[in-house]
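J.: The following comprises the amino acid sequence and a computationally predicted model.
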Amino acid sequence: MCPRVTEEGSWRIVADPPITLDCNQQIALIFTSSLPDFIRVEKQLLSYTIDEDRVIVSPRAGMKIHSTKCQGNGNVTIYTGSGTGVVEFRYFLESWRCSDVPDWIISFENVITIVVDPGVEYSFDITSDYKSALKPRESVSILTSGKSDNLQNAHPQENYAVFSIRLAV
């Protein structure tokens, strides 16, 4: 998909075949001066291991990350948006030492950036499906900034997380 300027000077979003756009689809427009490496969040579960900054994009407005492994002596930091700071609408959300990254991270943002310190390798599964089972002693962090681009979110009623909690007796 490419944004293009028409002869009249206004922007129009077009898609290259075989993709078609209609008013029922959601898209994420990302304006940034950097050239990020993107991960697109889908409904099906996808697995990734990163050792450098990655921009995570969820056109359906939100994502569920299941941390599977974190190795190294640094931090994993999450920002809303992409780019090079608040001037490009990238805002700090949370940072953890690799050993303290929660089992589950829920974000209601369309776009987040995961920054890993040098020497850190972070593995996770990711999906746009919020339904999960939370086991005893698992940790969860729910992140939202209030500064996201949810004005373009066509499904705000889906911005919630559901966890089945199993209590240890």
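T.: Everything's here; your move.

J.: For the protein, just list every one of the strands.
T.: 2-5, 11-14, 38-40, 46-50, 54-57, 63-71, 75-80, 91-97, 104-107, 111-116, 121-127, 132-134, 140-143, 163-165 (DSSP state E).

J.: List the contacts of the fifth one.
T.: This means strand 54-57. Applying CB atoms under 8 Å, 6 or more residues apart in numbering, the external contacts of strand 54-57 come out as 28, 30, 36-41, 48, 63, 82, 110-114, 126. Every C-beta, even on glycine, is put in place using the N, C-alpha and C of the backbone.

J.: do you know how far Asp51 is from Ser141?
T.: 21 Å (CB to CB, to the nearest Å).

J.: Residues in a beta bridge with the residue nearest to Glu94 when sequence neighbours are not counted, which ones?
T.: When the adjacent residues along the chain are set aside, Glu94 lies closest to Ile78, with 5.4 Å between them (CB to CB, 6 or more residues apart in numbering). Residues in a beta bridge with Ile78, per DSSP bridges, are Glu94, Ile114.

J.: so Ile78 touches Val111, yeah?
T.: No - assessed by CB atoms under 8 Å, Ile78 is found out of contact with Val111, at 11.2 Å.

J.: of the two, who's got more company?
T.: Ranked by neighbour count (other CB atoms under 10 Å), Ile78 and Val111 place Val111 first, with 28 against 21.
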